[in-house]
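**Q** Here is a sequence together with a model predicted from it:
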Amino acid sequence: MSLVLGRFLQALRAAEVRVSSSEGMDAARAFAVLGLADRALLKRGLGQVLAKTTEDKLRFDDCFEQFFRSEDFAALESDLAAPVEPDFAAPAVETQLTGPRAEALETMLREGDRAGLQLALAQAAEAARVQEIRLFTQRGLYARRMLEAMGVVAVEQRMAAFRAAGDQASAAALQASLAQLREEVTAHVERQIVLLTANAGTRLREEILREVPLSRAEHSDFALMQTLVRKLARRLVALHSRRRRVDDRGRLDVRHTLRRNIQHDGLLFDIVWKQRRIDRPKVVAVCDVSGSVASMARFLLLFLYSVSEVLPKVRAFVFSAELAEVTTLFETLPVEDAVATTLKRHGWGSTDYGRALSQLREKVLDEIDHRTTVLILGDGRSNHGDPGHRDLHRIHERAGRVVWLNPEPRVFWNTGDSEMRRLSAACDQVESCRSLRQLETIINALMRMRT
Amino acid sequence: MNQPHANPDAVTAALEETRGGLARADYLCSEDVATAVFLALQLNKPVLIEGPPGVGKTELAHATARWLGRPLIRMQCYEGLDESKALYEWKYGKQLLYTQVLKDKLGDLMQGAQGLKESLARLHEFDDTFFAPEFLEPRPLLKALWAQHGAILLVDEIDKADQEFEAFLLEMLQDYQISIPELGTIKAKVPPICFLTSNNTRELGDALKRRCLHLHIPYPSLALEQQIISLKVPVLAAALREQVVSLVQALRKLDLKKAPAVSETIDWARTLVLLHASELEPGIVRRTLNVLLKFQDDIQLADTELTGLLAASLKPPHAR
Ligand SMILES: Nc1ncnc2c1ncn2[C@@H]1O[C@H](COP(=O)(O)OP(=O)(O)OP(=O)(O)O)[C@@H](O)[C@H]1O
Ligand SMILES: [Mg+2]
């Protein structure tokens, strides 16, 4: 069976279309008969072989559209013509540690051969069987396999050799391009998870979206992400207000009861139960929308928007160079427009944390009190300028809580122009927040906090 | 890649051939239908056809038979249909007659037989004769297997048959063979091309569905229905035909108990020809609505909506 079809069947099964093995074989025959020249024909034919109920047909159609994207369709045929190693059973990794492939990698890295690297990357993905990845936690493993299949170990040895020989320049150059390659490989693996599960049932898909770094989420996921974030925000609010109500049920409010029943000569006709006001925290939220977080700014804003939807007292700000309040914008526009407008007006600039935080202090310090939570979403990269930690300290002194959510993994903090060390000192809580899952945990903890 | 892929031009040509062949047999295909018939022939797989009544499910099998010049063997399903009606029966009459003949010949036969044992052995030789193919009365399924040059087997309205019968069909559809206890396995000389139709009065079993290609025929598109009418009722003027089909298509969008089928569009077109109608005017439509709609409620509903519907279908197509 062709590799492509095999994967398509996997995707179908993941999308909860029941495909028996005999149907799989029929599909293979149909695939061979129909060929790839006519996409619509292939879709019709495979559909008749594989989808037998109305629901299955809908799922099949979705799945086909996503799997055989029209843009990629023409390329498929040439992919198919390329020889594919038939047996993946043997660990492909060891065999490729050394030898011509490793040398080729070094040359490509040195010469910056993008096309060559892309090809090698694709081959390595095959060799490492990245298409089988299903769990987000496996991504490190698969990325490493891919890198090894590309011959990265030998390149590292070369690097060490350069160093030993005192050729620091060559070593550094190689290291830099290797770092970039690592990043690309990881990105590839993560995208692969997103893609492979693109056709999965909505539940699974949501699972994945919760785990995937916001920066990797596809533009097309925005809608699903949106419902997810809303769900999350609503659930959190519901959860916490329910808890309060539960806490208070059945507690007699003696003072109020007595006062109200004075007219009845102290006979308790009219009983008043204790009720605590449902205090929702006041939130001041600030979101970095500068170039360095561009890939996830949409999702951060989406979150910000959803939070303002469910919590009544949110003031929302964004900044790249200048700080701007978007509270009214969020209140008046539907989410897509609000996010798009915000990005258009304020996004993509270069960051100036110093300025943004001093402006924040000017604008909100007066109304900040011990019941206020200040939430900052940003990478804390100040372009080597003033990080604004002094202003943040002023804010921190008055606020109930300052929470900083950084979309970068912790290992990157304090490297380059990241100012997290100094900024952290002015926060109660600093978290790496790369995925919705983490976001959920953090916000949950945040809302537990009694105000 | 293990399998060589079809030459795209050959595929296109073969599909064109299918479409053309069926058109010559008076059946106009949608892309879906052409693909299904093409695949059925290529893969030797039965086609399960579902869809509302009167969209040409049954007709497709007939047309395929006409196109390929093979006999159509039809098995209409109903509740209680069993093997003896679907597969074969023994010709009891003929067997009985044969016994008579045998009895007369018995004396000659036993002549010279030494004792009971040998007589029985001689008789035994005739056992098989009783259950030879000559005594078999083939019913549709067996006929389809026996057809010298292959046949088109139409299992019509399979949803009306019982589930046991459906299960019984599986073997036949899987390997195009059937086992008869007295005769052993009978295998098709040329595998028949099988069409099963269903109106979905009950959910068919998964096992059956797995064995078939699945073709859903919906009501035809405006363009296709126009073509069908011009094929079936060529005397109807083109302008009127357009109005007729537009109106029927609009009617199908109403919330009717039973939407008009293609067969009803054809009947209506013929009626209008007989009445020498030159245009769809409300009077004539009202008088003939009962050709299209079978329920009084539906007729009433259509009547109240008629002015709007007519206005829409009378507009020239480009203005719509
Ligand atoms: N695509 C077509 N080309 C030519 N004729 C068609 C087509 N579709 C339907 N017809 C006509 O419609 C009539 C009804 O079709 P047919 O009896 O096959 O419908 P059916 O789907 O089997 O309906 P039922 O579910 O009631 O059995 C046929 O006589 C045929 O002439
Ligand atoms: Mg029929």
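**A** Structure received. Ligands and ions are numbered 1, 2, ... in the order given.

**Q** can you give me the strands for chain A?
**A** Using DSSP state E, the strands of chain A run over A:282-288, A:314-319, A:323-325, A:372-377, A:401-406, A:429-432.

**Q** Low-confidence stretches in chain A?
**A** Residues of chain A meeting the criterion pLDDT under 70: A:1-3, A:69-102, A:134-137, A:194-225, A:227-228, A:231-281, A:294-295, A:310-312, A:443-451.

**Q** For chain B, give me its nearest residue in it.
**A** Closest to chain B within chain A is A:Ala37: 3.3 Å, counting by C-beta to the nearest C-beta. Just so you know, the C-beta spots here come from the backbone N, C-alpha and C atoms, and that holds for glycine as well.

**Q** Would you mind giving me the confidence score for the closest residue to that residue other than its chain neighbours?
**A** Once flanking residues are discounted, A:Ala37 sits nearest to B:Pro8: 3.3 Å by C-beta to C-beta, 6 or more residues apart in numbering or on different chains. B:Pro8 carries a pLDDT value of 79.

**Q** go on, the one 3 residues further on?
**A** pLDDT, B:Val11: 90.

**Q** That one and A:Phe68, how far apart?
**A** Using C-beta to C-beta, to the nearest Å, B:Val11 is found at 17 Å from A:Phe68.

**Q** of these two, who's got more company?
**A** Between B:Val11 and A:Phe68, counted using other C-beta atoms under 10 Å in any protein chain shown, B:Val11 has the larger neighbour count: 21 against 17.

**Q** quick one: contacts for the residue lying closest to A:Ser308 once chain neighbours are set aside?
**A** Leaving out its chain neighbours, the residue that sits closest to A:Ser308 by C-beta to C-beta, 6+ apart is A:Val314, at 4.1 Å. For A:Val314, the contact set (C-beta atoms under 8 Å, 6 or more residues apart in numbering or on different chains) comprises A:Lys282, A:Val283, A:Val284, A:Ala285, A:Val307, A:Ser308, A:Thr327.

**Q** so A:Val314 bridges to which residues?
**A** Taking DSSP bridges as the rule, A:Val314 bridges to A:Val283.

**Q** now it: how far from ligand 1?
**A** 59 Å (C-beta to the nearest ligand atom, to the nearest Å).

**Q** same check, this time on B:Thr18
**A** Taken as C-beta to the nearest ligand atom, the span from B:Thr18 to ligand 1 is 13 Å.

**Q** Next: B:Ile73.
**A** On the measure of C-beta to the nearest ligand atom, B:Ile73 and ligand 1 end up 16 Å apart.

**Q** three-state assignment of that residue?
**A** strand (DSSP: H, G, I helix; E, B strand; the rest coil).

**Q** my read: it touches B:Lys143, true?
**A** Yes - contact between B:Ile73 and B:Lys143 holds when scored by C-beta atoms under 8 Å: they sit 5.1 Å apart.

**Q** Mutual contacts of those two, please.
**A** Residues within reach of B:Ile73 and of B:Lys143 at once, by C-beta under 8 Å, 6+ apart, are B:Ala151.

**Q** The residue of the stretch 51-200 of chain B found nearest chain A: which element?
**A** In the stretch 51-200 of chain B, the residue that lies nearest chain A is B:Gln174 (8.8 Å; C-beta to the nearest C-beta). Here B:Gln174 sits within helix B:163-175, counting by DSSP states H and E.

**Q** What parts of chain B come near ligand 1?
**A** Counting by C-beta under 6 Å from any ligand atom, the residues of chain B close to ligand 1 are B:26-28, B:53-59, B:197, B:199, B:228, B:232, B:262-263.

**Q** Okay, and which of these map to helices?
**A** Among those, the residues falling in helices (DSSP state H) are B:Lys57, B:Thr58, B:Glu59, B:Ile228, B:Lys232, B:Val262, B:Ser263.

**Q** Out of those, who's the most crowded?
**A** Note: the member of these with the most neighbours is B:Lys57, at 26 neighbours, neighbours being other C-beta under 10 Å.

**Q** Distance of it relative to B:Gln163?
**A** Here the criterion is C-beta to C-beta. By it, B:Lys57 lies 21 Å from B:Gln163.

**Q** same thing with B:Glu225?
**A** To B:Gln163, B:Glu225 is 35 Å away according to C-beta to C-beta.

**Q** which one of those two has more residues nearby?
**A** B:Glu225 (21 against 11).

**Q** Report how many residues lie close to the residue lying closest to the more buried one once chain neighbours are set aside.
**A** In this structure, B:Glu225 finds its nearest non-sequential neighbour in B:Val245, 4.9 Å apart by C-beta to C-beta, 6+ apart. B:Val245 has 25 neighbouring residues, counting by other C-beta under 10 Å.

**Q** in which helix or strand would I find B:Val245?
**A** Judged by DSSP H and E, B:Val245 forms part of helix B:238-253.

**Q** what's the average pLDDT for that helix?
**A** Here the average pLDDT along helix B:238-253 is 94.

**Q** what about dumping the CA coordinates of that helix to CSV?
**A** C-alpha atoms of helix B:238-253 as CSV (Å, rounded to 0.1, in the frame of the first residue of the first chain):
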residue,chain,number,x,y,z
ALA,B,238,-36.7,24.0,-24.0
ALA,B,239,-38.2,27.1,-22.4
LEU,B,240,-41.0,25.2,-20.8
ARG,B,241,-38.5,22.5,-19.7
GLU,B,242,-36.5,25.0,-17.8
GLN,B,243,-39.5,26.3,-16.0
VAL,B,244,-40.7,22.8,-15.2
VAL,B,245,-37.4,21.7,-13.7
SER,B,246,-36.9,25.0,-11.8
LEU,B,247,-40.4,24.7,-10.3
VAL,B,248,-39.8,21.0,-9.3
GLN,B,249,-36.5,21.9,-7.7
ALA,B,250,-38.2,24.7,-5.8
LEU,B,251,-40.9,22.4,-4.6
ARG,B,252,-38.3,20.0,-3.2
LYS,B,253,-37.2,22.8,-0.9
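
**Q** Would you mind listing the buried residues in it?
**A** Judged by neighbour count (16 or more other C-beta atoms under 10 Å in any protein chain shown), helix B:238-253 contains these buried residues: B:Leu240, B:Arg241, B:Glu242, B:Gln243, B:Val244, B:Val245, B:Ser246, B:Leu247, B:Val248, B:Gln249, B:Ala250, B:Leu251.

**Q** Having no further points to raise, I will conclude here.
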